[in-house]
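K.L.:
Here is a sequence together with a model predicted from it:
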Amino acid sequence: MYSTTSLNGVPTIQRDGRNILGVCDQNWEFASEICDLLNSLEDDPHIFLTEHDRKWLKAMDRAFRTVQHA
């Protein structure tokens, strides 16, 4: 199950207590919508994020974190 939490004031999406994606501009509404979408995708066994999608999301999150700490 996906949920949102605050990490240094940034809305962050978590799964099983692990941070997986920070949401820029402190947009809590967008973070909640993403959580809802991810949870609905998890409920549908025919729709999954591909490994390529996962790598892209991780790369985007790393880039976001780098910019945030600069």
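P.N.:
Perfect, thanks for sending it.
K.L.:
Just say helix, strand or coil for T4.
P.N.:
Classification of T4 into helix, strand or coil gives strand, according to DSSP: H, G, I helix; E, B strand; the rest coil.
K.L.:
helices and strands of the chain: which one bottoms out on pLDDT?
P.N.:
helix 51-69 (a mean of 77; mean pLDDT, DSSP states H and E).
K.L.:
Over to the residue positioned nearest the centre of the chain. Which of the three states is it?
P.N.:
With distances taken as Cα atoms, centre = their mean, L21 lies nearest the centre of the chain, 3.2 Å away. For L21, the secondary structure call by three-state DSSP comes out as strand.
K.L.:
Just give the number of residues close to the nearest residue to it once chain neighbours are set aside.
P.N.:
Spatially, and ignoring its direct neighbours in sequence, L21 is nearest to I13 (4.4 Å; Cβ to Cβ, 6 or more residues apart in numbering). Quick note: C-beta positions are derived from backbone N, CA and C, even for glycine. The number of residues packed near I13 is 22, by other Cβ atoms under 10 Å.
K.L.:
Do you know the pLDDT at N27?
P.N.:
N27 carries a pLDDT score of 84 in this model.
K.L.:
Got the phi and psi for the closest residue to it other than its chain neighbours?
P.N.:
What sits nearest to N27 in space, not counting adjacent residues and going by Cβ to Cβ, 6+ apart, is P11, at 6.7 Å. Dihedral angles phi and psi of P11 (degrees, to the nearest 10) take the values phi -60, psi 130.
K.L.:
these two touch, right, P11 and G22?
P.N.:
Yes: counting by Cβ atoms under 8 Å, P11 sits close enough to G22 to count as a contact (7.3 Å).
K.L.:
more neighbours, the two?
P.N.:
Here P11 and G22 are compared on neighbour count by other Cβ under 10 Å; more neighbours surround P11, at 22 against 18.
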